[in-house]
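[1] sequence unavailable; structure follows:
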């Protein structure tokens, strides 16, 4: 099912966080399609599926069951088809180690989820404007 | 060091000084009362001259003073004057011998009756005696005079004097005059004179058990043992065997050849016995030393192992702590986000169904969640200070403070804060920790001047006891010095969070940074009159 609309892939295991993130997008009037996968393996399967159109942006949580976020990122960057997709790490972690390894493995951006929902709204708005409107994406097949 | 031996030596040396003085006195009385036993010990022996007896009294007294009161200047001066007198007696007598003249001191006090035994010039002391009365006073004067590598003039002087006395003693033992009178022109040294001089020689050595050769003599080492064992016996044994031979020969019981053979045999036997006994003892000492070394080695090894184990434990704990803080940062803030986010969602989506009180409650839930999130951030920062690697480099504190002040001003647009930051302050330290330190201290100052319309915050440096002490002074609410110890503890707040917001971790962070840098931080304040925070690194 091909789709010309710029879509977002959200990789997140927590139902709460999914709801809040989706709400933040809605509140900011970002109407792009958002696909949600709930574990690392599912994310990789989703991306491998040739029938599906590749997303314009991947929002990736780090702490995921079974295959964690960093491994998903590594796999995305290894795969010829997906290696150019912008990946934004969206996590609660404030660890230096996570930041370092995130960028080392080719993340395009790293955003800490703030506790204050108003701040989170701001963050998502900026993120949407930047990655979906301002940023010119790499040519994808 | 054999401490008790050293102490005993000092005591013996003082006793010899007193004995010398007493003998001198006895002989003086002998002259006054004309008691020949006091003057010459045995009939037929040479007398101790009156001048000699007098010089012994003076030597004994001054030696005692020098040994017992080395700090009392007045007594030392007396001691030196007396010694000078003795040297004068010695020098004058020596001059009489050398220039063959009579300077009138020989019979100055007493006239010796003509025909005195082994006396060339009546009343004049022997040549060696005169010489010794120059040597010994000089030795006593120079007891602490060191030269070269642990060498002492006094010990050489005493050795020479002792040998001269020893010659005379050997002469008396064998009944020969060769040592007593090298030339018929010379008067012999009296028996008790020789004994006293020999004693004085010992006393000079013993007076300073930590000087020169005496360091070895009184030490616990093997050379010390050898020295203590062999020196006294080398002085006593051969003459003793020689004397036995002489007695045997004179009584006709043994022939000369047999005597020589027996002396040789005795000397060899005693030396062999003594050497083997000493070697066995030395071996024991060596063995004990080796055992002690081994014990020490094992102890060291155990210690190293313990240190390694502890370090490993510490590393493991640190690792655990790291994992712990990671999970706190990640897992603890997730539920807070949920609480805050959905409270906000309810406030927005169901606003018309909620009464004002309900809305207020939801806002309070959000505030609680946000406050908790602040705590988590602060605690994590606090725990990170301990595990951070310290990188020392030059940090421009003034520039750093300016930057932080500008940041802080942005957050406080409603009021006037004037920062006075002394220019050019630098320190060798970790830049990250320094930033955190200044941020916390300046932030603290900004916070607690919150109720002042005109806040003044100063950052500068003072010299205290030669150290560079930085300070941050504000004109805020201040604090009572009663609480100065509580100030730097985590979660300790002197003001309610309604009055001044915050987690109560800022100053604990400051303290921990200072601890990591081995510095010191303290505060002075007065309620209502502001506070000063000092730190040095």
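    Everything's here; your move. Quick caveat, the model's predicted, so the values are computed rather than measured.

[2] which ones are touching whatever residue of chain A ends up closest to chain B?
    Using CB to the nearest CB, the closest approach of chain A to chain B is made by residue A:115 at 3.7 Å. Quick note: C-beta positions are derived from backbone N, CA and C, even for glycine. Taking CB atoms under 8 Å, 6 or more residues apart in numbering or on different chains as the contact definition, residue A:115 lies against B:333, B:336, B:337, B:340, B:369, B:370, B:372, B:373.

[3] do that again at 7 Å, thanks
    B:333, B:336, B:337, B:340, B:369, B:370, B:373 (CB atoms under 7 Å, 6 or more residues apart in numbering or on different chains).

[4] next: residue A:44.
    So residue A:44 contacts A:72, A:75 (CB under 7 Å, 6+ apart).

[5] also residue B:103?
    Counting by CB under 7 Å, 6+ apart, residue B:103 has contacts B:92, B:95, B:96.

[6] mark which of the residues you listed are part of strands, please.
    Using DSSP state E, no member of the contacts of residue B:103 falls within strands.

[7] any of those residues buried? List them.
    residue B:96 (16 or more other CB atoms under 10 Å in any protein chain shown).

[8] which residues of chain B lie near chain A?
    Within chain B, the residues that sit near chain A (CB under 7 Å from any CB of the partner chain) are B:326, B:329-330, B:333-334, B:336-338, B:340-341, B:344-345, B:369-370, B:373, B:380.

[9] and the residues you listed, which is closest to residue B:503?
    For these, the residue nearest residue B:503 by CB to CB is residue B:373; the value is 10.3 Å.

[10] so that closest one lies in a helix, does it not?
    Yes. Under DSSP: H, G, I helix; E, B strand; the rest coil, residue B:373 falls within a helix.

[11] so which residue of the stretch 51-200 of chain B comes closest to chain A?
    Closest residue of the stretch 51-200 of chain B to chain A, CB to the nearest CB: residue B:149 (60.8 Å).

[12] phi, psi for that residue please.
    phi -90, psi 90 (degrees, to the nearest 10).

[13] which one of the contacts of residue A:115 has the most neighbours?
    residue B:340 (27 neighbours; other CB atoms under 10 Å in any protein chain shown).

[14] confirm that one sits in a strand?
    No. Per three-state DSSP, residue B:340 lies outside any strand segment and is helix.

[15] list the contacts for it?
    Contacts of residue B:340 by CB under 7 Å, 6+ apart are A:115, A:116, A:117, B:366, B:369, B:370.

[16] likewise for residue A:39?
    Contacts of residue A:39 by CB under 7 Å, 6+ apart are A:13, A:64, A:65, A:66, A:67.

[17] out of those residues, which is most surrounded?
    residue A:64 (23 neighbours).

[18] how deep is the closest residue to that one other than its chain neighbours tucked in, by neighbour count?
    Counting by CB to CB, 6 or more residues apart in numbering or on different chains, the nearest residue to residue A:64 once its immediate chain neighbours are dropped is residue A:40, at 4.6 Å. Residue A:40 has 23 neighbouring residues, counting by other CB under 10 Å.

[19] ok, for the closest residue to chain A within the stretch 401-537 of chain B, nearest residue in space, not its chain neighbours?
    Taking CB to the nearest CB, chain A has its nearest neighbour within the stretch 401-537 of chain B at residue B:432, 11.0 Å off. Counting by CB to CB, 6+ apart, residue B:388 is the residue found nearest to residue B:432 once chain neighbours are left out, at 6.9 Å.

[20] could you do residue A:16 as well?
    Closest residue to residue A:16 apart from its sequence neighbours, by CB to CB, 6+ apart: residue B:338 at 4.3 Å.

[21] how about the residue nearest to the spatial centre of chain A, phi and psi?
    Centroid check for chain A by CA atoms, centre = their mean gives residue A:59 as the closest residue, at 1.0 Å. Main-chain torsions, residue A:59, degrees, to the nearest 10: phi -100, psi 120.

[22] how much space separates the residue nearest to residue A:16 from residue A:13?
    13 Å (CB to CB, to the nearest Å).

[23] what do you get for residue A:92?
    From residue A:92 to residue A:13 the distance is 12 Å (CB to CB).
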